[in-house]
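Peer 1: make a model of this:
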Amino acid sequence: MKRAGFTMIELIFVIVILGILAAVAIPKLAATRTDAQVSKISTEAATLVSELGTFYTAQGTFKGKSTADITNISLKTGSTNIQNDKIIVLGDDNNNTCLEITFNNVDDGNITVSADNASGTVCNAVKEATADLQKTYNFGGSNVAY
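Peer 2: Down below sits the predicted model:
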């Protein structure tokens with residue numbers, strides 16, 4: 001009489017193989033989440049700089065405005081009113097500060113994008129990914145050639 005079913009050895013082999021596959025797959029999935037956060041913050045930073053430039057070009061000042069007037073990007077900033085030395089913060093899900101945008105002069109359209117205080121895996125990757133964005137921008141001025 002032949003019995004149907006699996007032997008204990010066959011079941012152990014299947015469990016071992018599934019364990020090995022899980023050990024390989026789980027770190028890959030975790031890295032994908034980090035890459036997605038880096039991509040999101042980097043894209044939001046580039047979009048925000050572009051929106052600030054567009055807004056200043058259209059309005060001629062940031063004075064008396066709020067971040068809600070300029071963008072709908074979710075910012076990690078307390079007060080939304082823009083003033084000199086006001087900092088707008090982009091960060092990761094763990095409330096780490098990845099990028100800061102400082103309004104040096106709201107009347108002249110002068111802002112600085114920096115990542116000096118970046119900490120954490122995501123923010124360190126954002127710092128590298130946005131290296132070309134991290135500088136001082138002057139949206140106003142008389143540098144237009146005729």
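
Peer 1: for the record, mean pLDDT for the lengthiest helix in the chain?
Peer 2: Longest helix in the chain by number of residues (criterion: DSSP state H): helix 8-59. On average, the pLDDT along helix 8-59 is 89.

Peer 1: list the contacts of the closest residue to V106 other than its chain neighbours.
Peer 2: Leaving aside its chain neighbours, V106 sits nearest to F62 (4.1 Å; criterion: C-beta to C-beta, 6 or more residues apart in numbering). C-betas here are computed from N, CA, C, even on glycine. The neighbours of F62, taking C-beta atoms under 8 Å, 6 or more residues apart in numbering as the test, are L52, F55, Y56, I70, I82, F103, V106, D107, G109.

Peer 1: Throw those residues into JSON lines and include neighbour count, thanks.
Peer 2: JSON lines is the format used below for the contacts of F62 (neighbours: other C-beta atoms under 10 Å):
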{"residue": "L52", "neighbour count": "23"}
{"residue": "F55", "neighbour count": "19"}
{"residue": "Y56", "neighbour count": "22"}
{"residue": "I70", "neighbour count": "19"}
{"residue": "I82", "neighbour count": "22"}
{"residue": "F103", "neighbour count": "21"}
{"residue": "V106", "neighbour count": "19"}
{"residue": "D107", "neighbour count": "12"}
{"residue": "G109", "neighbour count": "22"}
